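A.B. asks: Based on what follows, work out the 3D shape:
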Amino acid sequence: MATTFISSFSIPFLKQPLSLSKRPRFASFYSPLHPLFLHRATTPCPSIAATATTDSAAVSIHHDQTNHKVVLPTNESSETLLRIRHTCAHVMAMAVQKLYPDAKVTIGPWIENGFYYDFDIEALTDKDLKRVKKEMDRIISRNLPLVREEVSRDEALRRITALNEPYKMEILESIKEEPITIYHIGEEWWDLCAGPHVESTGNINKKAVELESVAGAYWRGDERKPMLQRIYGTAWENEEQLKAYLHFKEEAKRRDHRRLGQDLDLFSIQDDAGGGLVFWHPKGAIVRHIIEDLWKKIHIEHGYDLLYTPHVAKADLWKISGHLDFYKENMYDQMSIEDELYQLRPMNCPYHILLYKRKLHSYRDFPIRVAELGTVYRYELSGSLHGLFRVRGFTQDDAHIFCLDDQIKDEIRGVLDLTEEILLQFGFDKYEVNLSTRPEKAVGDDDIWEKATSALKDALDDKGWTYQIDEGGGAFYGPKIDLKIEDALGRKWQCSTIQVDFNLPQRFDITYVDSNTEKKRPIMIHRAVLGSLERFFGVLIENYAGDFPLWLSPIQARVLPVTDTQLEYCKNVTKKLKTNGIRAEVCHGERLPKLIRNAEKQKIPLMAVVGAKEVETETITVRSRFGGELGTMSVDDLISRIKLGTQSPTSL
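C.D. replies: Sure, this is the predicted structure:
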């Protein structure tokens with residue numbers, strides 16, 4: 001889950017007492033032939049219906065038992081909540097230094113669902129967290145005021161030096177503004193900080209605060225610097241909100257793709273191969289194959305040409321693209337091959353440009369659309385790796401469109417249509433759309449920026465999608481549209497992106513011949529729908545809680561004999577199912593109730609049970625994971641039902 005970091009400094013000081021100076025929504029996608037084939041995995045567990053985000057939008061929990069809905073505020077929607085969380089970070093740091101006087105403190109911002117603080121201290125345990133929370137409760141109960149003080153840089157330096165806090169010294173050096181602001185908790189502890197805070201610790205409901213975990217974190221995120229202890233906490237306005245959040249968190253834990261990936265034998269990260277490198281197991285690979293086939297089919301229908309390009313290239317290519325100047329820290333070291341330097345690719349864009357440049361283009365050739373499922377490699381710190389969500393090697397569903405100025409709007413609208421079509425296949429029918437405009441530093445003339453931004457707006461308006469404008473939030477090379485999909489818990493995941501690029505066409509000097517036989521520069525549009533196959537697969541696992549719909553399930557049907565006497569018939573049934581394109585397997589060797597339980601644990605949608613009667617009548621008795629017994633039918637009948645129920649996932 002992504003964390004939103006807020007730009008603020010929290011640098012605490014234990015001190016001697018001193019006097020204080022002053023969303024579009026689309027049609028449902030399920031298409032079962034039989035009501036009992038309905039896939040209900042996108043509906044949350046019976047006790048809750050939750051809405052949350054991976055960034056910073058609202059979270060709501062609906063308790064069916066009481067029909068009571070708790071809407072969780074965010075830092076953006078509630079100034080009070082933000083102040084509570086920021087103050088809790090200070091209170092926690094004060095508590096830690098009271099319990100562990102030798103602890104050195106660094107920074108402690110508020111984050112999406114709470115706060116954290118980094119300490120230079122010996123490793124902490126869950127038992128230590130309980131001690132810290134008790135001390136926090138005592139500080140909160142004392143109703144200590146938080147008072148702002150302005151001091152000169154020299155005075156701040158004097159106080160930091162007296163406390164012998166090296167991390168604070170480094171942070172003070174990074175603060176350029178003056179005067180330096182300090183917040184005091186009572187007359188016992190203070191913090192270099194810009195605020196904001198609550199008026200006193202008594203404004204915090206201690207029953208709405210919980211310390212969640214402790215983890216290692218490098219100072220400044222640099223693995224060459226000391227490892228610190230980071231304590232995470234959550235804080236809310238009242239106890240009801242905390243309970244709702246914890247309930248939601250438990251449901252999210254149940255859906256964790258890392259655990260389900262292991263339980264369902266979908267993928268793994270092998271230590272012997274290295275962190276952040278994904279091994280797709282047979283069942284996971286089948287799902288990937290289905291996704292890729294669907295992706296290719298839809299792209300071809302939308303006029304894209306498919307490409308395959310190399311995983312490495314000469315380092316000079318990345319000099320031309322600018323990656324070696326601006327992206328080097330995320331790239332792997334170069335390798336020498338026959339006295340030439342080569343580089344693993346972090347992006348696919350330069351390859352597609354090289355293919356464009358292989359011949360002279362006329363204005364009549366446009367638009368040119370190319371797409372590739374291209375694997376890229378990016379360096380990530382080991383501490384930042386997270387299942388399928390943060391990896392070192394991943395496959396982007398990448399595509400680039402080369403077009404003329406007056407084609408931008410239509411091409412963007414086409415991308416929006418394609419995006420909707422693909423995402424609906426997987427049941428994602430609600431999402432957040434953001435349009436980011438020109439930043440202060442940018443390449444390209446004002447007129448082309450204005451024309452491209454207007455084209456993006458017009459395409460979104462034509463589509464009828466609601467969107468927010470992020471003024472100045474565009475990339476330096478062009479405006480962009482970002483789309484976050486909403487999963488079954490309401491969490492929003494950054495997924496699709498559409499970016500207009502004025503930079504790479506210039507760097508690579510790509511041109512075309514216009515109607516006046518003059519050379520002009522085309523517009524380049526980057527776009528991805530799924531983002532990356534690895535991350536999207538992780539989102540799918542959590543969205544469905546591992547219960548993939550019938551069309552996407554790696555195993556659609558498992559054939560189960562009552563006794564081994566029926567095994568040969570079961571093998572013949574399985575063979576016939578496979579011949580008809582149905583993903584089936586036979587499982588035996590246990591008593592039937594256990595075979596059924598095992599199939600349910602593996603989240604197999606359909607089970608075909610075979611006993612002596614079924615062998616005699618050449619039938620099967622079908623059981624649905626969600627609907628129970630569907631009755632006895634012929635194998636051909638089951639085949640036709642499955643085919644009809646899976647041939648068009650988006651049909652109603």
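
A.B. asks: CA only for contacts and neighbour counts going forward, please
C.D. replies: OK.

A.B. asks: what about Y232, helix or strand, and which?
C.D. replies: If you go by DSSP states H and E, Y232 is part of strand 227-235.

A.B. asks: Parallel or antiparallel, list what pairs with that strand.
C.D. replies: Each strand pairing with strand 227-235, determined using DSSP bridges, is listed with its direction: strand 114-120 (antiparallel), strand 209-218 (antiparallel).

A.B. asks: what comes up buried for the last one?
C.D. replies: With burial defined by 16 or more other C-alpha atoms under 10 Å, the residues of strand 209-218 counted as buried are V209, E210, L211, V214, G216, A217, Y218.

A.B. asks: for stretch 434-453, same thing?
C.D. replies: By neighbour count on 16+ other C-alpha under 10 Å, the buried set for stretch 434-453 is N434, L435, S436, T437, R438, P439, A442, V443, W449, A452, T453.

A.B. asks: Which helix or which strand is home to T497?
C.D. replies: Using DSSP H and E, the secondary-structure element containing T497 is strand 492-501.

A.B. asks: now L82
C.D. replies: L82 belongs to helix 79-99 when elements are defined using DSSP H and E.

A.B. asks: Using CSV, list the CA coordinates for that helix.
C.D. replies: Listed in CSV are the C-alpha atoms of helix 79-99, where the atom choice follows Å, rounded to 0.1, in the frame of the first residue of the first chain:
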residue,chain,number,x,y,z
GLU,A,79,-8.0,19.6,9.7
THR,A,80,-8.8,18.3,13.2
LEU,A,81,-7.7,14.8,12.3
LEU,A,82,-4.5,16.0,10.8
ARG,A,83,-3.7,18.1,13.9
ILE,A,84,-4.4,15.0,16.1
ARG,A,85,-2.1,12.8,14.1
HIS,A,86,0.7,15.3,14.0
THR,A,87,0.4,15.9,17.7
CYS,A,88,0.3,12.1,18.4
ALA,A,89,3.7,11.8,16.6
HIS,A,90,5.1,14.4,19.1
VAL,A,91,3.5,12.7,22.1
MET,A,92,4.9,9.3,21.0
ALA,A,93,8.4,10.7,20.6
MET,A,94,8.1,12.4,24.0
ALA,A,95,7.0,9.1,25.6
VAL,A,96,9.8,7.2,23.9
GLN,A,97,12.5,9.6,25.3
LYS,A,98,11.0,9.5,28.7
LEU,A,99,11.2,5.7,28.7
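
A.B. asks: Compute the distance between R259 and D272, please.
C.D. replies: 20 Å (C-alpha to C-alpha, to the nearest Å).

A.B. asks: that older thread, just the residues contacting the helix holding L82, thanks.
C.D. replies: Taking contacts as C-alpha atoms under 8 Å, 6 or more residues apart in numbering, the residues outside helix 79-99 that touch it are 10, 12, 14, 73-76, 103-105, 108-110, 114-117, 132-133, 135-136, 139-140, 185, 189, 191, 195-198, 201, 203-204, 234-237.

A.B. asks: If we use 6 Å, what do you get?
C.D. replies: For helix 79-99, contacts defined as C-alpha atoms under 6 Å, 6 or more residues apart in numbering pick out 75, 103, 108, 110, 114-115, 132, 135-136, 196-198, 235.

A.B. asks: Same question for stretch 313-328.
C.D. replies: Residues lying outside stretch 313-328 but in contact with it, judged by C-alpha under 6 Å, 6+ apart, are L341, Y342, Q343.

A.B. asks: Is it possible to mark the buried ones in these?
C.D. replies: Using 16+ other C-alpha under 10 Å as the burial test, the contacts of stretch 313-328 include Y342, Q343 as buried.

A.B. asks: sorry, back to before: got the strands paired with strand 227-235 as CSV, with distance to R413 columns?
C.D. replies: Output for these, formatted as CSV (distance: least, C-alpha to C-alpha, whole Å):
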stretch, distance to R413
strand 114-120, 39
strand 209-218, 43
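
A.B. asks: Give me the most central residue, the chain.
C.D. replies: When the chain is reduced to its mean C-alpha position, the closest residue under C-alpha atoms, centre = their mean turns out to be W493, at 4.6 Å.
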